[in-house]
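**Q** attaching a predicted model along with its sequence, questions to come.
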Amino acid sequence: MADGGTARQTAHAHEAGSAGEGCREHAHSHDHAHVPIDVPSDALIVARGITLTRGKRRILDGVDIHIAPKEIVTLIGPNGAGKTTLVRILLGLEKADSGDIVRRPGLVVGYAPQRFDRDPAIPLTVERFLTLGRAATREEARAALAEVGAGQVFEQQLHALSGGELQRVVLARALVRKPDLLVLDEPVRGVDYVGEAELYGLIGRLRASRGFGVLLVSHDLHVVMAQSDRVICLNRHVCCHGVPETVAQHPEYVQLFGAATARAFGIYTHDHDHAHDLTGAPLPAKAAKPGEISDA
């Protein structure tokens with residue numbers, strides 16, 4: 001899906017236009033206006049007019065989205081807004097009724113799904129999980145795990161990991177692919193608030209060091225928006241998009257999440273003089289090791 005040449009998924013009967021063009025006309029009608037989006041020529045992935053209906057329910061309605069290299073794009077919206085469905089369509093795991101998707105030739109995607117169920121009856125070490133179905137060496141797997149601050153769990157059983165440890169291991173598995181685009185669907189599920197801030201900070205640092213683009217799906221508005229270059233608010237259609245501060249004041253965002261949330265929005269700096277281990281427990285700054293994530 002992600003490793004081949006240009007993967008173009010087209011459900012329109014007419015000839016698809018340029019990926020940089022604005023929204024094209026659709027045969028169906030809807031009660032909202034499209035928001036023009038300028039698409040960079042080097043975009044990793046561009047989707048236009050993505051529409052999906054299940055039964056009589058419209059899941060996605062003319063959605064436009066793109067991700068550029070080195071950009072963190074956060075997709076937010078209420079439950080049932082179609083966020084995970086859109087991600088699955090972008091990854092080629094599900095088909096839209098209509099719409100165009102253009103991926104950069106040779107695009108490699110690392111994907112961390114929203115849910116990952118572990119069976120305690122099946123013995124599976126972290127090392128085996130990282131290399132399962134991957135052309136990765138043991139050293140590459142260990143390096144990826146160290147990069148996310150979880151090198152000490154390399155030989156542990158997967159089912160024995162805490163929520164924070166598991167999220168970092170799943171992230172390390174995505175990194176083993178050496179992706180151009182990292183797609184993370186609710187990456188902090190089962191992680192406490194301190195762990196959320198740590199993990200989002202880590203994602204930002206990985207983007208800076210590796211240079212990939214990131215598509216991040218989340219409900220954790222304040223912390224995740226602080227790490228985002230651009231935010232897309234989805235409620236079956238794109239309600240609004242832009243830099244976090246602009247989106248947080250947009251009328252449709254306020255309508256979805258409440259005026260109090262919009263008024264309270266601020267960039268979380270999370271500065272203090274200690275680090276955290278993988279369980280979120282504080283460590284004195286002098287006790288922090290290279291593999292641990294520091295807030296300083």
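**A** Yep, it's here.
**Q** contacts and neighbour counts: CA atoms only from here.
**A** Fine.
**Q** which regions of the stretch 101-250 of the chain sit below the pLDDT cut-off?
**A** Within the stretch 101-250 of the chain, the ranges that satisfy pLDDT under 70 run 135, 190-193, 220-223.
**Q** okay, now the spatially closest residue to Leu234 that is not a sequence neighbour: neighbour count?
**A** If the residues on either side of it in the chain are set aside, Leu234 comes closest to Gly77, at 5.0 Å by CA to CA, 6 or more residues apart in numbering. By other CA atoms under 10 Å, the residues close to Gly77 number 22.
**Q** then Leu182?
**A** With other CA under 10 Å as criterion, Leu182 counts 24.
**Q** the stretch 1-150 of the chain: strands as residue ranges?
**A** In the stretch 1-150 of the chain, the strands defined using DSSP state E, counting those that start in this stretch lie at 8-10, 45-54, 57-67, 72-76, 98-103, 109-112.
**Q** ok, the stretch 151-296 of the chain next?
**A** Remark: strands assigned in the stretch 151-296 of the chain by DSSP E, counting those that start in this stretch are 181-185, 213-217, 230-234, 238-242, 274-276, 282-284, 293-294.
**Q** which one of these lies closest to Gln255?
**A** Set against Gln255 and scored by CA to CA, the strands of the stretch 151-296 of the chain come closest in strand 238-242, at 10.3 Å.
**Q** tell me how far that closest one is from the chain's mean position?
**A** Averaging C-alpha positions (CA atoms, centre = their mean, to the nearest Å) puts strand 238-242 16 Å from its chain's average.
**Q** now the helices for the stretch 151-296 of the chain?
**A** Using DSSP state H, counting those that start in this stretch, the helices of the stretch 151-296 of the chain run over residues 163-176, 193-210, 221-226, 244-248, 251-257, 259-264.
**Q** save those helices as CSV, and put in distance to Arg104 and mean neighbour count too.
**A** As requested, the helices of the stretch 151-296 of the chain are exported to CSV (distance: least, CA to CA, whole Å; neighbours: other CA atoms under 10 Å):
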stretch, distance to Arg104, mean neighbour count
helix 163-176, 19, 24
helix 193-210, 18, 18
helix 221-226, 26, 22
helix 244-248, 26, 20
helix 251-257, 31, 16
helix 259-264, 35, 14
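**Q** can I get the ones you listed in TSV including distance to Ala96?
**A** Formatted as TSV, the helices of the stretch 151-296 of the chain follow (distance: least, CA to CA, whole Å):
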stretch	distance to Ala96
helix 163-176	25
helix 193-210	29
helix 221-226	27
helix 244-248	27
helix 251-257	25
helix 259-264	32
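**Q** which of those helices sits closest to Arg57?
**A** Among the helices of the stretch 151-296 of the chain, the nearest to Arg57 by CA to CA is helix 251-257 (19.4 Å).
**Q** re the thing from before, now distance to Ile65 too, for the strands of the stretch 151-296 of the chain, in TSV please.
**A** Putting these into TSV (distance: least, CA to CA, whole Å) gives the following:
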stretch	distance to Ile65
strand 181-185	14
strand 213-217	10
strand 230-234	8
strand 238-242	9
strand 274-276	35
strand 282-284	38
strand 293-294	32
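**Q** relative to Val108, how far out is Gln167?
**A** Gln167 is 21 Å from Val108, where distance means CA to CA, to the nearest Å.
**Q** what do you get for Leu124?
**A** Between Leu124 and Val108 the distance is 26 Å, computed by CA to CA.
**Q** just Leu90 next, same as before
**A** According to CA to CA, Leu90 and Val108 sit 13 Å apart.
**Q** the two: who's more crowded?
**A** A count of neighbours by other CA under 10 Å puts Leu90 above the other of Leu90 and Val108, at 24 against 20.
**Q** in stretch 180-194, what counts as buried?
**A** Buried residues in stretch 180-194, counted by 16 or more other CA atoms under 10 Å: Asp180, Leu181, Leu182, Val183, Leu184, Asp185, Glu186, Pro187, Val188, Arg189, Val191.
**Q** which one of those is nearest Gly204?
**A** For these, the minimum distance to Gly204 (CA to CA) is 11.4 Å, reached by Leu182.
**Q** tell me what the closest one is bridged to.
**A** Counting by DSSP bridges, Leu182 is bridged to Gly110, Val214.
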